[in-house]
Each structure stands twice: as C-alpha cells, then as structure tokens.
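**Student:** compute the structure for the input listed below.
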Amino acid sequence: MNILLRPDPTEIIVHHSLTEDSGAVSWAAIRRYHVKERGWFDIGYHAGVERAGDEYEILFGRPWDFIGAHCENHNRDSLGICFVGNFDIAPPPEAQIIVGVKVIKLWMRMFHIGPEKIFPHSQFAAKSCPGSKFDMEWFREMVRQ
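**Tutor:** Predicted coordinates:
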C-alpha cells in the first residue's frame with residue numbers, strides 16, 4: 001500500500017548498508033531484499049549513495065512523498081538516506097560523503113530541515129548505524145557549509 005508522507009518531513013535519518021560497496025550497484029540488491037524478503041512495495045530508504053565504477057552516485061529509492069521503512073517510529077516524519085558500506089570497519093570515503101551531502105542539502109532546502117534534525121539511525125535503534133566510524137558531527141558540519 002502506498003502511504004503518503006506528511007507534507008513536510010521534519011527529520012533526516014542516516015544509515016549504512018552494513019554491506020561492502022563493491023563498485024557495482026548493490027542498491028538493486030538492497031531493493032530486491034526489501035521487496036522480496038520483507039514484502040515491502042519498494043526499498044525502505046528515500047536515497048542512497050554508492051560507488052559506481054570510480055565515482056559515487058546518488059541513487060533514489062522511495063519517492064520523497066511516501067513514508068519510508070527505515071527507522072521504526074520515525075518513518076512518517078523522516079527521510080532516510082543509506083550510505084552503501086560498512087562503517088563499523090572503516091570510515092566512509094570523503095568522496096562518498098560529499099555526494100551524499102548534495103541530496104541532504106536539497107532535502108534541507110525543500111523541507112526546511114535544519115542540520116540539528118539530521119540523526120544517526122543509532123539514536124532511535126539499538127544499532128551502530130550508520131557505523132561507529134561514521135562521524136556524525138563532521139557530517140553535520142559538511143551540510144552546514
């Protein structure tokens with residue numbers, strides 16, 4: 001069932017995939033898992049950032065006006081972005097963060113969301129997501145620039 005998001009989401013929640021970024025598109029595999037294994041109508045995130053060849057790309061997931069399936073009790077009010085990689089092992093590459101910041105800044109402008117409303121998934125769930133080596137303070141500084 002397609003359920004619309006509130007007109008103005010108030011939070012952005014940052015995730016990591018916990019999978020290796022192979023340089024080939026893993027986004028399709030995440031989408032298949034969410035649709036086939038979990039029975040959702042689409043991937044749970046609104047966007048992702050993944051390496052495709054030598055560059056990082058923004059990959060779109062659920063339409064921004066649909067409720068996500070990425071953070072229990074926060075899906076209705078948030079947009080979810082997933083950085084493909086396991087950032088419990090190593091920090092995300094700066095190039096990946098720079099690309100992700102572009103979509104976050106767009107969402108911030110579109111929906112009037114301040115950097116103080118960008119949260120790690122771990123703030124709402126007993127997980128390390130987006131990884132113990134993902135520096136959320138530095139990330140918030142990047143979106144402020």
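**Student:** secondary structure element for residue 14, which one?
**Tutor:** If you go by DSSP states H and E, residue 14 is part of strand 11-16.
**Student:** contacts only, for residue 10.
**Tutor:** The neighbourhood of residue 10, defined by C-beta atoms under 8 Å, 6 or more residues apart in numbering, consists of 77-78, 111, 113, 117. Every C-beta, even on glycine, is put in place using the N, C-alpha and C of the backbone.
**Student:** okay, and which of those map to helices?
**Tutor:** Residues of the contacts of residue 10 located in helices (DSSP state H): residue 111.
**Student:** okay, the contacts of residue 10 in JSON lines with pLDDT next?
**Tutor:** As requested, these are exported to JSON lines (pLDDT from 0 to 100):
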{"residue": "77", "pLDDT": "93"}
{"residue": "78", "pLDDT": "96"}
{"residue": "111", "pLDDT": "95"}
{"residue": "113", "pLDDT": "97"}
{"residue": "117", "pLDDT": "97"}
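**Student:** low-confidence ranges in the chain?
**Tutor:** Low-confidence segments of the chain, defined by pLDDT under 70: 1-7, 21-25.
**Student:** any residues touching the strand holding residue 14, and which ones?
**Tutor:** Strand 11-16 is contacted from outside by 45, 70-71, 74, 77-88, 92, 104, 107-108, 113, 117-121, 124, 129-131, 134, 136, 139, using C-beta under 8 Å, 6+ apart.
**Student:** appreciated, that's everything.
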